[in-house]
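Q: only the shape, not the letters, is given here:
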């Protein structure tokens, strides 16, 4: 009984976002995965463009994968009536294969890897972004499918490293 109560206590502390999975709805459902660092991204503007009516894709959903619970600004976007049915937030990492499975990344039509534009160490930030790109590419190579990937880098000097990670994947 004491172990059971301890387990129940630990489970209640776990974030709902850490247990969530993306589930596509319908055969025409499409989704994109957004990961990396979203702290410095203007989320409202990003999602307004992603879901703009000019794109003519009413079945598009977005899966946001971050290694932490959502920030207050992210919660505001997730609860916004314009986006609440279009967004799924997952507490997870692109470096973890189980989290990539939860995000259904192998069936995504696009992947965005964002970076922290305000980073004090741009080379370190780019290295983290390239590592996430490499892990996603390696996972996707198990089930080859053409996926559009948009990767933000801070320093143009780091682009050759991104190309090398594509060649190795």
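A: Sure thing, it's come through. Since this is a predicted model, take the numbers as computed values, not measurements.
Q: OK, contacts around residue 132?
A: Residues in contact with residue 132 (Cβ atoms under 8 Å, 6 or more residues apart in numbering) are 35, 36, 94, 95, 113. Bear in mind the C-beta positions are built from the backbone N, C-alpha and C, glycine included.
Q: how about a cut-off of 6 Å?
A: By Cβ atoms under 6 Å, 6 or more residues apart in numbering, the contact list for residue 132 reads 94, 113.
Q: helix/strand/coil for it?
A: Secondary structure, DSSP: H, G, I helix; E, B strand; the rest coil: residue 132 is helix.
Q: next: residue 95.
A: Secondary structure, three-state DSSP: residue 95 is coil.
Q: for it, which non-adjacent residue is spatially closest?
A: Taking Cβ to Cβ, 6 or more residues apart in numbering, and ignoring the residues beside it in sequence, residue 95 has residue 135 as its nearest neighbour in space, at 5.1 Å.
Q: now do the same for the one you found: helix, strand or coil?
A: Residue 135 carries the three-state label helix when classified by three-state DSSP.
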